[in-house]
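Novice: Got a sequence here, can you build the structure:
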Amino acid sequence: MDKVSEAKRGRWIRLGLGVFAALIAAVFAVRFVMFVLFPPPPFDGQVEGWMTPRFVSQAMRIPPQELAPILGLKPEGGKRETLDDIAERLGVPVADLIAQIEAMRPPEPPQP
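Specialist: The predicted structure follows:
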């Protein structure tokens, strides 16, 4: 009797693990399909208030250490805020903040 109950328990455990693995695979499959169907918009060079400092830093190739002091942030990061949130916290218009960031834009490389 013990061998039968152990076998049943083993089957349930394997079934549970299989269902769990299938759910994880389904989540990644749905994320992949959503990315393919609805890709993120390309960066067109315009800084906007909805962007985060990390996005701006990577898209404009401005080192985070140079961008952080303008935004009143610690270089190692922290809370994920948008430029709108940062401007509100600093008490400055978001347009002024964006103008300061735009002034840091590195020069465009020459086109061949």
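Novice: Please pull up the helix or strand immediately following the host helix or strand of residue 6.
Specialist: Assigning secondary structure by DSSP states H and E places residue 6 in helix 2-37. Once helix 2-37 ends, the next helix or strand along the chain (criterion: DSSP H and E) is helix 53-60.
Novice: Which strands or helices does whatever helix or strand comes next after that next one pack on?
Specialist: Using DSSP H and E, the next helix or strand after helix 53-60 towards the C-terminus is helix 64-71. Where contact means 3 or more Cβ pairs under 8 Å, 6 or more residues apart in numbering; DSSP states H and E, helix 64-71 is packed against helix 53-60, helix 83-90, helix 94-103. Bear in mind the C-beta positions are built from the backbone N, C-alpha and C, glycine included.
Novice: Lowest average confidence across the ones you listed, which one?
Specialist: Here the lowest mean pLDDT among the helices and strands packed on helix 64-71 goes to helix 53-60, at a mean of 87.
Novice: so what secondary structure elements neighbour that one?
Specialist: helix 64-71, helix 83-90.
Novice: And that helix, how far out from the chain middle?
Specialist: Computed by Cα atoms, centre = their mean, to the nearest Å, the separation of helix 53-60 from the middle of its chain amounts to 11 Å.
Novice: What angle do helix 83-90 and it make with each other?
Specialist: Helix 53-60 and helix 83-90 are oriented at 130 degrees to each other (axes from the mean of the first three to the mean of the last three Cα atoms, to 10 degrees).
Novice: Now do residue 109, the pLDDT please.
Specialist: Value for residue 109, per-residue pLDDT: 66.
Novice: likewise the one 3 residues further on?
Specialist: pLDDT, residue 112: 62.
Novice: now do residue 78
Specialist: 65.
Novice: care to break the chain down by domain?
Specialist: In the domain annotation for the chain, the residue ranges read 1-39, 53-103 (automatic domain parsing).
Novice: avg pLDDT for the first one?
Specialist: By that I understand domain 1-39. On average, domain 1-39 scores 89.
Novice: just how off-centre is it within its chain?
Specialist: With Cα atoms, centre = their mean, you get 27 Å for domain 1-39.
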